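Novice: Got a predicted structure here, sequence first:
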Amino acid sequence: MAWEPITQPCDYIVLAGKKSPGYCDVYGAYDERDLAIRQPPFSTGAVILYKRRKLAEFSVRIRLYTLEQHTEFSTWRTVVDAKPGVRTKAAALDIQHPLLEQLDIKAAVVKSVSQFDQTADGEWSISIAFVESRPLPKQTLAKLDGAKASPGDPVDQKIDENTAEMKQLLKELSQ
């Protein structure tokens, strides 16, 4: 069932299995594709190749209003403040929020943590920036389907031949 923000509000994230205190806003997340445009010499057309899905960057703003929320945040912050050693792989944290689930974001690494700011009377806010984490992808290179100027266009035929050859080479390399 799809998430309905009006009837099912979600004002928290779950990070490494721990629910954030206070009220939380997730913003700036996106699903960006890395595309390559290839135009053969002396041609009037071009081919768009899908290379990969880029890692998303997004932020979470947590707003605290009570002493109890500040105390809970001090405990919860230990998850956020854990830092990897120098020149070691940063440990990704499982993250859950309906907005992130819509973009298939399941894990992230903390990029930065802001200071607390008093954003209104009795309201203190802190922002945490994240970078999505995913396992290393398998190498892919696919030509996007689209309209062809004419079925017998020699440039398109050459591109199709080269694409097939590249797929075969990638297949042989992965074995």
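Specialist: Perfect, I can see it now.
Novice: neighbours of Gln39, just the number please.
Specialist: 11 (other C-beta atoms under 10 Å). In short, each C-beta sits where N, CA and C put it, glycine included.
Novice: That should have said Glu165, apologies.
Specialist: Using other C-beta under 10 Å as the criterion, Glu165 is surrounded by 10 other residues.
Novice: same question, Ile95
Specialist: Around Ile95 there are 22 other residues, counting by other C-beta under 10 Å.
Novice: What lies in contact with the helix or strand hosting it?
Specialist: For Ile95, the host element (DSSP states H and E) is strand 93-96. When contacts are defined by C-beta atoms under 8 Å, 6 or more residues apart in numbering, strand 93-96 is touched by residues 13-17, 79, 105-110, 130.
Novice: With stretch 130-137 instead?
Specialist: Stretch 130-137 is contacted from outside by 52-53, 55-60, 90, 92, 95, 105, 107-111, using C-beta under 8 Å, 6+ apart.
Novice: Recalculate using a threshold of 6 Å.
Specialist: The contact list for stretch 130-137 (C-beta atoms under 6 Å, 6 or more residues apart in numbering) reads Leu55, Ala56, Glu57, Phe58, Ala92, Ile105, Ala107, Ala108, Val109, Lys111.
Novice: Please apply the same query to stretch 100-114.
Specialist: Contacts of stretch 100-114 from elsewhere in the structure, counted by C-beta under 6 Å, 6+ apart, are 29, 31, 56, 80, 90, 92, 94-95, 126-133.
Novice: quick one: which of the residues you listed is most hemmed in?
Specialist: Neighbours here mean other C-beta under 10 Å. Within the contacts of stretch 100-114, the largest count is held by Phe130, at 28 neighbours.
Novice: can you give me the offset of the helix or strand containing Asp156 from its chain's centre?
Specialist: Using DSSP H and E, the secondary-structure element containing Asp156 is helix 154-174. On the basis of C-alpha atoms, centre = their mean, to the nearest Å, the separation between the geometric centre of helix 154-174 and that of its chain is 29 Å.
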